[in-house]
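Peer 1: below: sequence and its predicted model.
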Amino acid sequence: MKIRIIGLLLILSFMILELNALTLFKSEYTELENSYQKIDDATFEAQLNALKPIASEEKAFVAYYKAKLIPDVNTMIIEMVKVADTYPKTEYGQKACLELGIIYFLQRDTGKSSIYLAKITLPSINDKNLWLSQVYLKQGENDKAIQYSQSYLVNSTDPEKMETAYYVIANAYINQRRYDNVQSLLDRLDSVQGLPKHNIYYNYLRGYAYDMCNNNEMALRYYRNVFKLDRYSQYAFMAEDRLLSMKARMRDNLDISFIYPDSVYHPAPVVPDTAKTITVVLPPPGIDPPIESVQDSLQMVKNTGHGIFLQLGRFSSESNAQNLMLKLKDDQFSAIYFPTKLDNKITYRVLMGPYKTEAQAEKIRVKLNEKSYGSIIIKR
């Protein structure tokens, strides 16, 4: 009987110890956590080493933040795994799982990312839902991506992350070709005070959804907004490709001159239907035009800036410009690309030409249309 009482007293004393430790955690530990982003790493680490953790939650706290201070990602992963495995039920053990889930997601290992995110059971770690939604979107599981983003939005107060959740849902809808749902969703985003913050992406998504529904007027409106916000952004390049496709689809009944403010824009002349049957002499398949002609064209663009061209695209990536040139080559068209620099930003334009007259350029443009290449006549 006495042994049993002693055992109970020992258990009770440990419980009191844990309780006192948790009370301490709410003050000293919380204060240190709040200073994490405000003080330098060396000072934070010194204060972390001065702590005397007793309870599991406190030990997990110290181990978690020591892992976060490690600059080498691979070493940090090893230490985070230890925290997650040693203290799986504590808040900081589960926060370690969140860190691991994020790291693996950013490393494009969605399998490992989902494993660690799924270990999080505390409702207070709502970010789990946001990151899982992005994992499922990458994996093509669109319904799950929508479900987890919606779960995140129910309990979120962080505007930046809320907007990300909306965009995850929008992309899942696009994958499902539910373009009307995209517009309704973005209407809701637009009604949230202070949102959207990422206006370029917001306008691109709206334009794309209208584009896919063949609502050309609304698509043009939002794509134009993308250019107004930042014509050198990646989304402006993507919008330009879509606009060229729209122009080809609409048989040129689309004014996209706002894309080329640094060029004199010349609308394509109206050509009778018989023009589609014009025979255009093209280089034999698999044979490049004489290198001199490409160099001459390139030098003319660089040195004089004059000529009549067909522009087929503009890219922030040189490899994308090269890929379009190779595709054109497969279809027996010869093109050149060259870098242009403005405001310290380099873009790569894919051109065909130069041509002596706009009528000559128009004949080639008609042939490009037949192969579903969007293009526009520009005069430089």
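Peer 2: Done, it's in. Please read all numbers here as calculations on a predicted model, not as lab measurements.

Peer 1: could you measure from the residue nearest to residue 117 when sequence neighbours are not counted over to residue 27?
Peer 2: Excluding the flanking residues, the one nearest residue 117 by Cβ to Cβ, 6 or more residues apart in numbering is residue 101, at 3.8 Å. Every residue, glycine included, has its C-beta placed from N, CA and C. From residue 101 across to residue 27, the span is 30 Å (Cβ to Cβ, to the nearest Å).

Peer 1: what is the burial count for the residue nearest to residue 117?
Peer 2: By other Cβ atoms under 10 Å, 26 other residues sit near residue 101.

Peer 1: quick one: contacts of the one helix or strand it maps to?
Peer 2: Here residue 101 sits within helix 91-106, counting by DSSP states H and E. Helix 91-106 has contacts (Cβ atoms under 8 Å, 6 or more residues apart in numbering) with 57, 60-61, 63-64, 67-68, 73, 76-77, 80-81, 83-84, 86-88, 110, 112-114, 116-117, 119-122, 124-125, 127-128, 131-132, 134-135, 138.

Peer 1: what sits against residue 196?
Peer 2: Taking Cβ under 8 Å, 6+ apart, we find residue 196 in contact with 163, 189, 190, 202.

Peer 1: swap the cut-off to 10 Å and go again
Peer 2: 159, 162, 163, 166, 167, 186, 189, 190, 202, 203, 205, 206 (Cβ atoms under 10 Å, 6 or more residues apart in numbering).

Peer 1: make a PyMOL selection of whichever of these turn out to be buried.
Peer 2: Typed into PyMOL, the line below selects the buried ones among the contacts of residue 196, using 16 or more other Cβ atoms under 10 Å:
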select buried, resi 162+163+166+167+186+189+202+203+205+206
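
Peer 1: in helices only, show me the contacts of residue 196.
Peer 2: 159, 162, 163, 166, 167, 186, 189, 190, 202, 203, 205, 206 (DSSP state H).

Peer 1: quick check: the gap between the third one and residue 149.
Peer 2: Spelled out, that is residue 163. Counting by Cβ to Cβ - residue 163 and residue 149 are separated by 11 Å.

Peer 1: hang on, the earlier thing: the following helix or strand past the helix holding residue 101 packs against which elements?
Peer 2: The helix or strand immediately downstream of helix 91-106 is helix 110-118, counting by DSSP H and E. Under the contact definition 3 or more Cβ pairs under 10 Å, 6 or more residues apart in numbering; DSSP states H and E, helix 110-118 sits against helix 73-86, helix 91-106, helix 127-138.

Peer 1: for residue 38, find the nearest of the ones you listed.
Peer 2: helix 91-106 (19.0 Å; Cβ to Cβ).

Peer 1: and that closest one, how far out from the chain's middle?
Peer 2: Helix 91-106 has its C-alpha centroid displaced from the chain centroid by 21 Å (Cα atoms, centre = their mean, to the nearest Å).

Peer 1: residues near residue 56, how many?
Peer 2: Neighbours of residue 56 (other Cβ under 10 Å): 17.

Peer 1: that one is in contact with residue 87, isn't it?
Peer 2: Yes - assessed by Cβ atoms under 10 Å, residue 56 is found in contact with residue 87 at 5.7 Å.

Peer 1: roughly how far is stretch 359-366 from the heart of the chain?
Peer 2: 36 Å.

Peer 1: avg pLDDT for it?
Peer 2: Stretch 359-366 carries an average pLDDT of 85.

Peer 1: try stretch 252-262
Peer 2: Mean per-residue pLDDT for stretch 252-262: 75.

Peer 1: can I get that stretch as CSV, trimmed to CA atoms?
Peer 2: Output in CSV follows, covering the C-alpha atoms of stretch 252-262 (Å, rounded to 0.1, in the frame of the first residue of the first chain):
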residue,chain,number,x,y,z
ASP,A,252,-6.7,39.2,-87.1
ASN,A,253,-9.8,41.0,-85.8
LEU,A,254,-7.9,41.9,-82.7
ASP,A,255,-5.8,45.0,-82.0
ILE,A,256,-2.8,44.0,-79.8
SER,A,257,-0.6,47.0,-80.7
PHE,A,258,-0.2,47.8,-77.0
ILE,A,259,2.2,44.8,-76.8
TYR,A,260,4.8,46.7,-78.9
PRO,A,261,5.1,50.3,-77.7
ASP,A,262,8.7,50.5,-78.9
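
Peer 1: re the thing from before, the residue nearest to residue 117 and residue 228, how far apart?
Peer 2: Residue 101 is 37 Å from residue 228, by Cβ to Cβ.

Peer 1: also residue 324?
Peer 2: Counting by Cβ to Cβ, the gap from residue 324 to residue 228 is 26 Å.

Peer 1: what about the two, which has more around it?
Peer 2: Remark: of residue 324 and residue 228, residue 324 carries more neighbours, 19 against 13, as counted by other Cβ under 10 Å.
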